[in-house]
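Student: following is a predicted model, sequence given first.
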Number of protein chains: 2
Amino acid sequence: MKLTEGKKIISLAGGLPDPRVFPKDDLAEIASEVIKEKGDRSLQYSPTIGVSDFREELLKFMLRKGVKVNDDDDIIVVTGSQQALDLIARTFIEKDDEIIVELPTYLAALNAFRLSKPGITAIPIDDDGMRIDLLEREVKRLKWLSRRIKFIYVIPVAHNPTGVTMTLERKKELLEIASKYDLVIIEDDPYSYFVYDEGVDTTPLKTLDREGRVVYMSTFSKILAPGLRIGWVLGNRYVVNVLERAKQTADLHTPTLTQFIAMEALKRGVVEKAIEKARQIYKVKRDAMLRALDKYMVEDAWWPKPVGGLFIMVSLPSYDIDTKKMLPEAIKAGVAYVPGASFYANGMGWNTMRLNFSYPSPDEIELGVKILSEIIAKKLTGKRVRITPMSFFKQENI
Amino acid sequence: MKLTEGKKIISLAGGLPDPRVFPKDDLAEIASEVIKEKGDRSLQYSPTIGVSDFREELLKFMLRKGVKVNDDDDIIVVTGSQQALDLIARTFIEKDDEIIVELPTYLAALNAFRLSKPGITAIPIDDDGMRIDLLEREVKRLKWLSRRIKFIYVIPVAHNPTGVTMTLERKKELLEIASKYDLVIIEDDPYSYFVYDEGVDTTPLKTLDREGRVVYMSTFSKILAPGLRIGWVLGNRYVVNVLERAKQTADLHTPTLTQFIAMEALKRGVVEKAIEKARQIYKVKRDAMLRALDKYMVEDAWWPKPVGGLFIMVSLPSYDIDTKKMLPEAIKAGVAYVPGASFYANGMGWNTMRLNFSYPSPDEIELGVKILSEIIAKKLTGKRVRITPMSFFKQENI
């Protein structure tokens, strides 16, 4: 984020929404109304778990979206989904516990989890999401080592950073393994609102789960406005209660005002309208980025086609290339991206880069990819090899 | 907070501002404007350390208020001062470190600090704030025990829960001891805006400090609206940088929108107007509570006169009375308060209760104190004894 403040470069870094999708007029009207007419409540302290009426609206929203809500579930409002990750790390993970994530996975989740010093096992993804066959093997291994596995963290639909989505079959297999080994699943779902292709199964794990072992989290950052910092966690009442107690110490409660604004935006259909608008805009941009990659990117580079989300993860065809070292050069040439290694829990993926297509314009996307491709082409002198997350799964493969 | 949601009881618990002090019309106009005209920025992600323009405004506000800003200081915006306490606990305190606080002190600070498992030494206060003579004795003792003291946490002006203020002389002595033993001071200042009596020295420790060892924190919760959840920390650049890195994992950044609203409220003088209005209203209420206590409260009960802030801490004249056990009875009779033990780091103070006067009306204050006094009178059957924080300093005194 810091990179892009003030400089005139094409940012394919970050994950900023296109500000054109912000429903400014609606939100201005809503904000004015909730302060003027309900200011006694909207400007006051509110419960740690969230404003009651807002939590009701969120539950209705979940049901409209096809997310199953169990009788013994509860919902807590958090200050952006980053806080959910932080609270989960602080309450679930004790030192030397093990957690399981995707390879690659969302870097800010890794950073939050790491503060609690767990062991992290990463399961590679392919075009159909997490490789469940490898997951079971790893779970068995960890159990054999008497490791205590606290949860599996997964972004099943429109994954960050790769944009892939787990097939329905794999989702079911994942739940079967979770059931067999009695594991909790943290389902992070910021992007399922933005699936651009037909025939993609977007069923949440939460909905397929019959045992109450899935903790579902999502956010308003992409579907309304990130500047509100509102996320939520839906899960078993016991889990929500633990998170609530941790949140009380962390920031007492999420701002009341932004909760009132988001609540009205839900009630008035502003959120669903914003989602529809964003989906159309982002589809055009994703297609622009895929076209630019096809046109300019070096041969043997690999990227899974993102069926949704805001990103494409490009894997460059050489173990000798380090996208972190390359970044200053790219910025000098006018393009920023996020080096991929931070998404790799096992310290690998140094040849990968995450490119964002939601914020830049289609023209900027084409130019940015072109510039990047030229820099990369110059660096690739030796033998080229196709590298996927699987290549990084076992060191002996390198 | 939970206690008061929905029930019709007189709440002398919590620390809620009187909603009449919220500048609703001004804030409604500001919110509408910053969304409509600056929505591309006010609804977007923003830097972890805070919105740059807002941080500039905050620095100007600090200077207007007489808080010294050093050349190597920096300022970070946090999601309510609760988050500042949490980040300080997470970054400063390692297990088995020692921290020093006032006896009694703010309970939510204690809760935040305790998560990092420090030893806590509590120095009793009297009408002039922390007993600095005892502080030095304790610091010497801790040093002799080779304890690593991480900081002294203090609310020097209009203290929570007692409302007392340190004299200028004691502030200087505190800084001398901090200098002599090379200790960091965390100065929590939510209430110095509300000092009701003449001749009270409100100079911040930060301003008296010549060595950059004071980390100053404050909040908009009482001077504008708690529902915005905006606080800030002003201190040495190195400290702010450490807090910034911790905040990135905790919630990425404080909501951009509420920062824009608070910024405009500062620019347009709305904050200073709200402070003036609140001070007048709260002075009347404090006086009402003091009158009610004088009129109804049992003999030999003790409370320091609060020169500012939102609370009076009442100490009941018997070690046999437990205000936590008494609370359900009080609530049944229609009054809530906060049992004082939670403010006592050493597990004592069970005979004390914190009464808030900012939220209830003067009539409610009188009735509430009357009801409480009647309940207490019935419980006090044995010998009465005047109990102050000093009584709890060394167990042998009991």
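Tutor: Yep, it's here.

Student: helices of the stretch 1-150 of chain A, residue ranges please.
Tutor: Assigned by DSSP state H, counting those that start in this stretch, the helices in the stretch 1-150 of chain A fall at A:24-42, A:52-64, A:80-92, A:107-114, A:132-144.

Student: ok, and the closest non-adjacent residue to residue A:385?
Tutor: The spatially closest residue to residue A:385, leaving aside those adjacent along the chain, is residue A:317, at 5.6 Å (Cβ to Cβ, 6 or more residues apart in numbering or on different chains). C-betas here are computed from N, CA, C, even on glycine.

Student: correct me, but that neighbour touches residue A:352?
Tutor: No. With contact defined as Cβ atoms under 8 Å, residue A:317 does not count as touching residue A:352 (11.0 Å).

Student: ok, back up a step: residues contacting the residue nearest to residue A:385?
Tutor: Contacts for residue A:317 (Cβ atoms under 8 Å, 6 or more residues apart in numbering or on different chains) come out as A:298-302, A:351, A:380, A:384-387.

Student: now do 7 Å
Tutor: Residues in contact with residue A:317 (Cβ atoms under 7 Å, 6 or more residues apart in numbering or on different chains) are A:298, A:300-301, A:380, A:384-387.

Student: give the helix, strand or coil label for the spatially most central residue of chain A.
Tutor: Centroid check for chain A by Cα atoms, centre = their mean gives residue A:160 as the closest residue, at 4.6 Å. Three-state call for residue A:160 (DSSP: H, G, I helix; E, B strand; the rest coil): coil.

Student: just give the nearest non-adjacent residue to it, would you?
Tutor: The shortest distance from residue A:160 to any non-neighbouring residue, by Cβ to Cβ, 6+ apart, is to residue A:106 (4.7 Å).

Student: ok and the longest strand seen in chain A relative to helix A:132-144, angle-wise?
Tutor: The longest strand of chain A (DSSP state E) is strand A:119-126. Per axes from the mean of the first three to the mean of the last three Cα atoms, to 10 degrees, the angle that strand A:119-126 makes with helix A:132-144 is 170 degrees.

Student: what pairs with strand A:119-126, parallel or antiparallel?
Tutor: strand A:98-103 (parallel), strand A:129-130 (antiparallel) (DSSP bridges).

Student: so can I have JSON lines of the ones you listed showing mean pLDDT and mean neighbour count?
Tutor: Shown next, in JSON lines, are those (pLDDT from 0 to 100; neighbours: other Cβ atoms under 10 Å in any protein chain shown):
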{"stretch": "strand A:98-103", "mean pLDDT": "97", "mean neighbour count": "25"}
{"stretch": "strand A:129-130", "mean pLDDT": "96", "mean neighbour count": "26"}
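
Student: end to end, how far does stretch A:163-174 reach?
Tutor: 19 Å (Cα to Cα, to the nearest Å).

Student: distance between it and the chain's centre?
Tutor: Centre-to-centre, stretch A:163-174 and its host chain are 16 Å apart (Cα atoms, centre = their mean, to the nearest Å).

Student: what mean pLDDT does that stretch get?
Tutor: For stretch A:163-174, the mean pLDDT works out to 98.

Student: again with stretch A:267-286
Tutor: Per-residue scores along stretch A:267-286 average to 98.

Student: before we move on, back to that, among the helices of the stretch 1-150 of chain A, which comes closest to residue A:217?
Tutor: Between residue A:217 and the helices of the stretch 1-150 of chain A, the shortest gap by Cβ to Cβ is with helix A:80-92, which sits at 4.7 Å.

Student: CA atoms of that closest one as CSV?
Tutor: The C-alpha coordinates for helix A:80-92 follow below in CSV (Å, rounded to 0.1, in the frame of the first residue of the first chain):
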residue,chain,number,x,y,z
GLY,A,80,-12.1,-5.6,8.7
SER,A,81,-11.4,-9.2,8.1
GLN,A,82,-7.8,-8.6,9.1
GLN,A,83,-9.1,-8.3,12.6
ALA,A,84,-10.8,-11.7,12.3
LEU,A,85,-7.5,-13.3,11.2
ASP,A,86,-5.8,-11.6,14.2
LEU,A,87,-8.4,-12.7,16.7
ILE,A,88,-8.4,-16.2,15.4
ALA,A,89,-4.7,-16.4,15.6
ARG,A,90,-4.7,-15.0,19.2
THR,A,91,-7.4,-17.3,20.5
PHE,A,92,-6.9,-20.5,18.5
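
Student: what angle sits between it and helix A:107-114?
Tutor: Using the same axes, to 10 degrees: helix A:80-92 against helix A:107-114 is 20 degrees.

Student: give me the domain ranges for chain A.
Tutor: Domains of chain A are assigned by automatic domain parsing as A:2-21+A:272-397, A:24-269.

Student: right, so of those, which gets closest to residue B:18?
Tutor: Closest to residue B:18 of the domains of chain A is domain A:24-269 (Cβ to Cβ; 9.8 Å).

Student: quote the end-to-end distance of that closest one.
Tutor: Domain A:24-269 has an end-to-end distance of 14 Å (Cα to Cα).

Student: now do stretch A:72-82
Tutor: Stretch A:72-82 end-to-end distance (Cα to Cα) = 25 Å.

Student: ok, stretch A:337-354 next?
Tutor: 6 Å.

Student: list the buried residues for that stretch?
Tutor: A:337-346, A:348-354 (16 or more other Cβ atoms under 10 Å in any protein chain shown).

Student: give me the subset of these lying in strands.
Tutor: Within the buried residues of stretch A:337-354, residues falling in strands by DSSP E are A:338-339, A:352-354.

Student: can you give me the neighbour number for the residue of the stretch 251-398 of chain A found nearest chain B?
Tutor: Residue nearest to chain B within the stretch 251-398 of chain A: residue A:256 (3.4 Å; Cβ to the nearest Cβ). The tally of other residues near residue A:256 (other Cβ atoms under 10 Å in any protein chain shown) stands at 26.

Student: show the pLDDT at it.
Tutor: Confidence score, pLDDT, at residue A:256: 98.
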